[in-house]
Every structure is written in structure tokens, then in C-alpha cells.
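Student: Could you look at this predicted model? Sequence included:
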Amino acid sequence: MISTNIPANKTVLLSLLRADFTTQWRNRRSVILILLIPVIILISWKGLVLKLGGAFVLSNCITIGLNAIGLMGYSNAIARDRDKGIFQRLRVAPLTAWSIMVSRLTVQLVMILLVTTAVFAGGYFADNILLTPAGYLVGFVMAFVGGAVYLGLGQAIVGLVKNAETVNAVTRLVYFLFIMVGMFAELGALGNIVSNAAKWSPYGTVKHILSAGMQPATWNQHSTMALLATIGYALVFSALGIKWFKWTSK
Amino acid sequence: MAHPLAAIVLQVEDLHVSYGNFTAVRNISFDVRAGEIFGLLGPNGAGKTSTLSAVEGLLQPQSGRVTVAGYDVKEKPLHARANLGVQLQATNFQPELTVAEILQLYAGIHGVPLTKEKLQQILASIKLEDAAKKRFGQLSGGQQQRVSLIIAMIHNPQLVLLDEPTTGLDPQSRRQLWERMEGLRDNNHAILLTTHSMEEAEAVCDRIAIIDHGKIIAIDTPQTLIDTHRHDPEVISVSRKGKITLEDVFIGLTGRTVRS
């Protein structure tokens, strides 16, 4: 038996992170798109700020951004790399499977941070929405919790669907459905039953905890229930995503 | 050819792989020694890829044991993989990364320090000094194979797996790759090569195993295989030029039927 040195986890993770962040940077057009959509919606909803409140508008925009990160960005990147055999190539190196995913998810956490910051900044400069420091802080925390729901959902879709192009189609459909049903139902356009269902959907609960988190004084029992439901969604989607996920599409 | 007493780098014992009701590999055994190029030949669906996947630790066999440099792939997967260099069939690198970035990534995950000078030396050794900032997809097929091979070798592994490395290469690039393989053998690396090219197997392999329907049906040096089977009626019947070649032996043993 030959004496063998296994590279330290830190070294492996740093190498993976550098490559994953570089890949994300080279795909900056899609990054900009993910950042721009919520900011554009934010600006176009200027008139609603007084009517519905700053937190309502900000939480909707952040939720749309989180949707885009988990369903459009992350899931499609994972599906493409699986299809191309990039994961299999990495897996024959002396590293653990979790380190590959931790690196990928870290990039997405930074994306969540960027989207949330962009919406907060857009809200301040375009619509004069100013939250308390606690509101910003809890808003960021809730964005990470909410982001986990959509990353988990994206992972579950990639686990369920093998073909990268089908993953792309399914995630676009789910993204569109979530946003359209979520927004219109909340405004009462789809009737009471759909409105109630949407309130407890992954879109509704994430939107609610963001909105309530940005105004900590308004946090109530419904907010706690929404937070628990959000955590539940994140856990269930992630568990299914991990269970169903295959490293190869063949 | 490897010395009979050369250290066994890869040992496959009674390997059995099945997917549901389908058995891909049926209790095969072989070993690859230091300083040896060992060819694994077989028609499509014969069990080559499953065997390689088991060696790489990408699938769990139903039974049997695989060791790389003495490390059990199942019990010590990271140690086994640290002694393993792999060149897969397709290009498997992030298309957004440059050649230099891919080399840095794989050096990093193998714990190999890579300075700028070292990086340039590596690229110079494969005649790609100017390719550091090129994306992998911008390279020609031959250049991609050279990069893939150098990445497989970046941590100086005991065992190198080459999965159909010359597919799609022009004759010059193919010859160059053969020379690189022979260079690795001269440096005492063990090489497990899969190929559909009998010419390649005959040219570079010290020993060959022919696998079909998940079983090894012949294992020996290319010349011994030819000599042993030159009088088989099946081999003579598929011979085209009156001279028995390794391809005739291969087709004679595995049949004329095209596999999907």
C-alpha cells in the first residue's frame, strides 16, 4: 500500500469555489437578468408603494428574485453540468460529494445576498423605501430562508427530471406559475379559494415572512406559521432533491 | 511489458455489477501492474464502462473487490482516487473556464500546488503555451485530449484510466498520444485503456482483456491472443486479408453481430 495524502477539505473547497464563482462571473448576463427583473418590477410598482406599503412591494420583488435564482439559475446549471459529465469528472477526484454541492450552494447564497441588496437599494433610491436596521437584518435572514425553498425545489426538479432541456422547460413553467398565481391571487384577482391557497404556497409563505421580517413590529402568529411552513417546504424539497438526485443523466 | 514481479496497482477480483435484472459485469478478475498498458476491449454494452465506473468508485458493485494502489475503492475511496488519474471519453470541464483555470481547479482538488511557472511548464510540455487563456471548447480535438491527459496526470497517479482517448483524433494526434502513453509506462505508471481500435490495442497494449456479455473471454498479450486463436474457424472466417489480425480474433470471439 502506497502512502497517500488526501488534500484538506479547505483546499478542495477553495478550489471548487474559485471555479464556481468564475463560472458564475462568466455567466454574468444571466446574473444581471436575475438582478434586473426584481429591480425593474420594483421601479414599475412605484405607484403601489403608498397604497400597499414598502414592505409589500420589496417582499414581492425579492421573492421573484429568489424564484429566479433557485428555479432558473441553480437548477439549470446543475442539470447542464450533470448532462455534460462535469460532476462525474469531479467525482473521480479525491473529494467528497458534499464539497461539490456546498461550493455550488455557496455561490447561490451570494446570489441571494446580491438580489436582496439590489432590491433594498432599488427600493431606497427609486421609491424612497427606508427600513429600520432590524428590518434590513431580518429581511436578509428571511431571504436566505426563502431562498432555501426555491433552491430545494430546483434540486427536486433536477432530481425528478433527467434531461437538461426538460429541466429548463419545467423550471420556467413553475417559475411563471408561482409568480403569476402568487401575485394575482394576493391581489384578489383569482377569488378567495385561490387566494387562501396561494397564501400558504411556497410563494405566499416566503413573501409573507419577508414582508413581516422587514417590519419586525408587525410579526404575528400568522408570520410564525408562515416561517414554519417555509422551513417545512425547504426541508421537504431539499430531502426529495437529495433523494432523487443522480450524478449522471445517463 | 511490465516485469512479472512488478507491483500490482489495480486489482479487480470477482467484480459483479448489475442494474435491476440486467447483469452488466459477471464476476470478472484481472490486475494491472506498474509499467504496464492494459487494454480492456469489448463491443458496445459488453461491460467496459461498468467495469471502469466500479474502478473509479462511481458505482457500487453487487459483489467483488477493487483495489487501487492497495486501497479498497469501497472502504477507502478518497485514498484510491488520489492514486487514480482519469481521462474520460467526453469533454467534462466547465465550458466557461479557461485551460489555466481548469488546471488550477484540478491541481487544487488534488492538493497539488501550482505556481504560474509550473502552469506554464505544464502547458509547454503539451505544446500549448499560448492556450492558457483559451476556453477548453476553443481547442482542437487533439489539444483537448492533451489537456485532459495532463489533468489526469497532474497529481502523478499510480494508475491512469484512459477511456477511448483517441476517438476522433487525426493520425498525427493519435500517434502523439500513443507516445505519451508509452512515456507514462516507461515512468512506471499503470495504464488501463479502453478502445474500439484494434490497431491501437495492438500497437500500445502489453496485455489485453476481451470482455463480452460481462465476462472476460480472453486475456493475454496481443500477439499471444493472435497466435492462440489463429486456427479458430470463427477467426479464419472473418479474416479479410489472409493474415490474422487482432481485429479478426476480436470479431471471431465476440461475433459479427452489431451491438447497440
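Tutor: Received the coordinates, thanks.
Student: pLDDT at residue B:5, what is it?
Tutor: Looking at residue B:5, its pLDDT is 68.
Student: ditto for the one 5 residues further on
Tutor: In this model, residue B:10 is scored at 96, pLDDT.
Student: what do you get for the one 10 residues further on?
Tutor: In the prediction, the pLDDT value recorded for residue B:20 is 87.
Student: Which of the residues in the worst-scoring helix or strand of chain A on mean pLDDT are classified as buried?
Tutor: Within chain A, no helix or strand scores below helix A:46-52, which has a mean of 81 by mean pLDDT, DSSP states H and E. For helix A:46-52, a neighbour-count test (16 or more other CB atoms under 10 Å in any protein chain shown) marks A:48, A:49 as buried. (Each C-beta comes from the backbone N, C-alpha and C, glycine too.)
Student: what sits up against stretch A:117-129?
Tutor: Here stretch A:117-129 makes contact (CB atoms under 8 Å, 6 or more residues apart in numbering or on different chains) with A:35, A:38-39, A:42-43, A:45-46, A:49, A:54, A:57-58, A:61-62, A:65, A:130-131, A:136, A:139.
Student: Please spell out the ChimeraX selection for the buried subset of those.
Tutor: Selection of buried members from the contacts of stretch A:117-129 for ChimeraX, criterion 16+ other CB under 10 Å:
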select /A:35,38,39,42,45,49,54,57,58,61,62,65,131,136,139
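Student: out of the contacts of stretch A:117-129, who's near chain B?
Tutor: Among these, no residue sits close to chain B (CB under 8 Å from any CB of the partner chain).
Student: Please flag which of the contacts of stretch A:117-129 sit within helices.
Tutor: A:35, A:38-39, A:42-43, A:46, A:49, A:54, A:57-58, A:61-62, A:65, A:136, A:139 (DSSP state H).
Student: Between the residues you listed, which sits nearest residue B:110?
Tutor: residue A:35 (35.2 Å; CB to CB).
Student: Count residues in the vicinity of residue A:162, would you?
Tutor: For residue A:162, the neighbour count with other CB atoms under 10 Å in any protein chain shown is 15.
Student: Which residue, other than its chain neighbours, is closest to it?
Tutor: Spatially, and ignoring its direct neighbours in sequence, residue A:162 is nearest to residue A:249 (4.6 Å; CB to CB, 6 or more residues apart in numbering or on different chains).
Student: what secondary structure does that neighbour sit in?
Tutor: coil (DSSP: H, G, I helix; E, B strand; the rest coil).
Student: Count the residues that sit near the residue in the stretch 151-260 of chain B positioned nearest to chain A.
Tutor: Per CB to the nearest CB, residue B:158 is where the stretch 151-260 of chain B lies closest to chain A, at 6.4 Å. Neighbours of residue B:158 under the rule other CB under 10 Å: 23.
Student: Then the one 4 residues further on?
Tutor: The tally of other residues near residue B:162 (other CB under 10 Å) stands at 28.
Student: Just list the residues touching it, thanks.
Tutor: B:87, B:149, B:152, B:181, B:191, B:192, B:193, B:194.
Student: Residue numbers of the stretch 51-200 of chain B in contact with chain A?
Tutor: Looking at chain A, the residues of the stretch 51-200 of chain B close enough under CB under 8 Å from any CB are B:56-58, B:69-71, B:78-79, B:81-84, B:86, B:88, B:90-97, B:101-102, B:104-111, B:158.
Student: Mind listing what's buried along the longest helix belonging to chain B?
Tutor: Longest helix of chain B, by residue count under DSSP H: helix B:171-186. Going by neighbour count (16+ other CB under 10 Å), the buried part of helix B:171-186 is B:173, B:174, B:176, B:177, B:178, B:180, B:181, B:184, B:185.
Student: Distance from the chain centre to it, please.
Tutor: 13 Å (CA atoms, centre = their mean, to the nearest Å).
Student: other SSEs contacting it?
Tutor: strand B:37-41, helix B:141-152, strand B:190-194, helix B:198-204 (3 or more CB pairs under 8 Å, 6 or more residues apart in numbering or on different chains; DSSP states H and E).
Student: Residue B:255 is nearest to which of those?
Tutor: Nearest to residue B:255, of the helices and strands packed on helix B:171-186 and by CB to CB, is strand B:37-41 at 13.8 Å.
Student: what mean pLDDT would you report for the closest one?
Tutor: 96.
Student: Pairing partners for that strand, with directions?
Tutor: strand B:190-194 (parallel), strand B:207-212 (parallel) (DSSP bridges).
Student: In CSV: the ones you listed, plus mean pLDDT and mean neighbour count.
Tutor: Below are the strands paired with strand B:37-41 laid out as CSV (pLDDT from 0 to 100; neighbours: other CB atoms under 10 Å in any protein chain shown):
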stretch, mean pLDDT, mean neighbour count
strand B:190-194, 96, 25
strand B:207-212, 95, 23
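Student: wait, which of those is closest to residue A:213?
Tutor: strand B:190-194 (55.6 Å).
Student: check contacts around residue 31.
Tutor: Chain wasn't specified; assuming chain A. Neighbouring residues of residue A:31 by CB under 8 Å, 6+ apart: A:24, A:25, A:73, A:111, A:114.
Student: wrong one, I was asking about chain B
Tutor: Taking CB under 8 Å, 6+ apart, one finds B:8, B:10, B:11, B:12 in contact with residue B:31.
Student: Does the residue nearest to the first one when sequence neighbours are not counted fall in a helix, a strand, or a coil region?
Tutor: Right, residue B:8. Excluding the flanking residues, the one nearest residue B:8 by CB to CB, 6+ apart is residue B:31, at 4.7 Å. Taking three-state DSSP as the rule, one finds residue B:31 in the strand state.
Student: Is the spatially closest residue to residue B:208 that is not a sequence neighbour bridged to anything, and to what?
Tutor: Nearest non-adjacent residue to residue B:208, counting by CB to CB, 6+ apart: residue B:39, 4.3 Å away. Beta bridges link residue B:39 to residue B:193, residue B:208 when assigned by DSSP bridges.
Student: element containing residue 105?
Tutor: Let's take chain A. helix A:97-127 (DSSP states H and E).
Student: not quite, I wanted chain B
Tutor: Assigned by DSSP H and E, residue B:105 falls in helix B:99-109.
Student: again, but for residue B:219
Tutor: strand B:215-220.
Student: in the next helix or strand after the helix holding residue B:105, what's buried?
Tutor: Next helix or strand after helix B:99-109 toward the C-terminus (DSSP H and E): helix B:116-125. Buried residues in helix B:116-125, counted by 16+ other CB under 10 Å: B:119, B:122, B:123.
Student: Now tell me what touches helix B:116-125 from outside.
Tutor: B:99, B:100, B:103, B:104, B:114, B:129, B:131, B:132, B:150, B:154.
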